[in-house]
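> sequence isn't available, so here's the structure alone:
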C-alpha cells in the first residue's frame, strides 16, 4: 500500500509541476546570418508557375482597363503615355521571361 501511495504522490507531483510550471520553452530557431540568394539551387527548389501567356495577358488586361478609362475621359496625353508604358513593360517582361526560360532549361 505504501508503494502505491508513493507512486500516486509522484504522479500528482509530476502533473502539478507540468500544469503549474509548464514545459520548458523550445529553443528559438537559429537564424542564418546569410542573406537569401537567388542561386541555381533556389531556382530549382521553387519553380516558376506562371506561363508566359498568362503574364503577358495580365499585363494586357491591366493596361487595357487603364487605357479605356483614359479614353472615356478623352485624355490624349494619358492614352499616349499608357501606350508607351505598355510597350516598354511588355518588352521588359519578355526579356525577363526569356531569362527565366533559359535558367529553367539548365
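Arrived safely, thanks for sending. Since the structure is predicted, the reported quantities are computational estimates derived from the model, not experimental observations.
> now residue 52. Nearest residue, chain neighbours left out?
Here the nearest residue to residue 52 in space, its sequence neighbours aside, is residue 97; by C-beta to C-beta, 6 or more residues apart in numbering that works out to 5.1 Å. (Glycine included, C-beta is placed from N, CA and C.)
> what is the longest helix of the chain by residue count?
Residue-count comparison of every helix in the chain, with assignments taken from DSSP state H, identifies helix 76-105 as the longest.
> list the helices and strands that one packs on?
Under the contact definition 3 or more C-beta pairs under 8 Å, 6 or more residues apart in numbering; DSSP states H and E, helix 76-105 sits against helix 40-45, helix 52-72.
> angle of that helix against helix 52-72?
170 degrees (axes from the mean of the first three to the mean of the last three C-alpha atoms, to 10 degrees).
> sorry, back to before: from what I see, the residue nearest to residue 52 and residue 53 are in contact.
No. Taking C-beta atoms under 8 Å as the definition, residue 97 is not a contact partner of residue 53, at 10.1 Å.
> which of the two has more neighbours?
A count of neighbours by other C-beta atoms under 10 Å puts residue 97 above the other of residue 97 and residue 53, at 16 against 8.
> on that earlier part again, now render the helices and strands packed on helix 76-105 as a markdown table, adding mean pLDDT.
As requested, the helices and strands packed on helix 76-105 are exported to a markdown table (pLDDT from 0 to 100):
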| stretch | mean pLDDT |
| --- | --- |
| helix 40-45 | 67 |
| helix 52-72 | 92 |
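> redo the ones you listed as CSV? Include distance to residue 106.
Below are the helices and strands packed on helix 76-105 laid out as CSV (distance: least, C-beta to C-beta, whole Å):
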stretch, distance to residue 106
helix 40-45, 7
helix 52-72, 18
